[in-house]
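In: Quick one, fold the following:
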Amino acid sequence: MVVGLLSLELHVGGSRSLKDKRMVLRSVKDRLRRFNVAVAELDHQDTWQRASLGIVTIAASESLARRELEAVVDAVEQVEPGGIARTEIEFLT
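Out: The predicted structure follows:
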């Protein structure tokens with residue numbers, strides 16, 4: 001069993017308020033419901049145009065977890081094109 005952690009930092013360029021940012025993050029979280037992941041906003045809750053998300057999955061192997069998390073990155077890119085500022089994938093075995 002492997003736990004995969006994806007750390008995403010997003011730049012929400014069109015956001016003019018925290019309400020705008022929440023709408024974008026809600027859209028991202030809704031898109032990720034089809035994946036076997038849990039999502040949480042980890043940092044920058046009071047910043048309009050910046051968000052840090054932690055996304056975790058559990059899989060039988062590291063390759064399956066990596067594939068799932070890379071698909072998540074692709075899905076986030078579809079919701080917020082060009083908005084991903086940083087990604088990092090880690091594994092706990």
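In: can I get the CA coordinates of the helix or strand bottoming out on mean pLDDT in the chain in CSV?
Out: Lowest mean confidence among the helices and strands of the chain (mean pLDDT, DSSP states H and E): helix 18-31, at a mean of 88. The C-alpha trace of helix 18-31 is given here as CSV (Å, rounded to 0.1, in the frame of the first residue of the first chain):
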residue,chain,number,x,y,z
LEU,A,18,-11.8,35.8,-1.8
LYS,A,19,-15.3,35.0,-3.1
ASP,A,20,-13.9,34.7,-6.7
LYS,A,21,-11.1,32.5,-5.4
ARG,A,22,-13.5,30.2,-3.5
MET,A,23,-15.6,29.8,-6.7
VAL,A,24,-12.5,28.6,-8.6
LEU,A,25,-11.4,26.3,-5.9
ARG,A,26,-14.9,24.9,-5.6
SER,A,27,-14.8,24.2,-9.4
VAL,A,28,-11.5,22.4,-9.0
LYS,A,29,-12.7,20.3,-6.1
ASP,A,30,-15.9,19.4,-8.0
ARG,A,31,-13.8,18.3,-11.0
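In: pLDDT below threshold where in the chain?
Out: Within the chain, no stretch has pLDDT under 70.
In: Do you have the strands of it handy? List them.
Out: 2-11, 38-43, 50-59, 84-92 (DSSP state E).
In: Tabulate these (TSV), appending mean neighbour count and distance to residue 22.
Out: From N, CA and C alone the C-beta is placed, and that goes for glycine too. Compiled in TSV, the strands of the chain are given as follows (neighbours: other C-beta atoms under 10 Å; distance: least, C-beta to C-beta, whole Å):
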stretch	mean neighbour count	distance to residue 22
strand 2-11	18	13
strand 38-43	14	9
strand 50-59	19	10
strand 84-92	13	18
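In: how about CSV for those, with distance to residue 26 added?
Out: As requested, the strands of the chain are arranged in CSV below (distance: least, C-beta to C-beta, whole Å):
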stretch, distance to residue 26
strand 2-11, 13
strand 38-43, 11
strand 50-59, 11
strand 84-92, 17
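In: Thanks again, I'm all set now.
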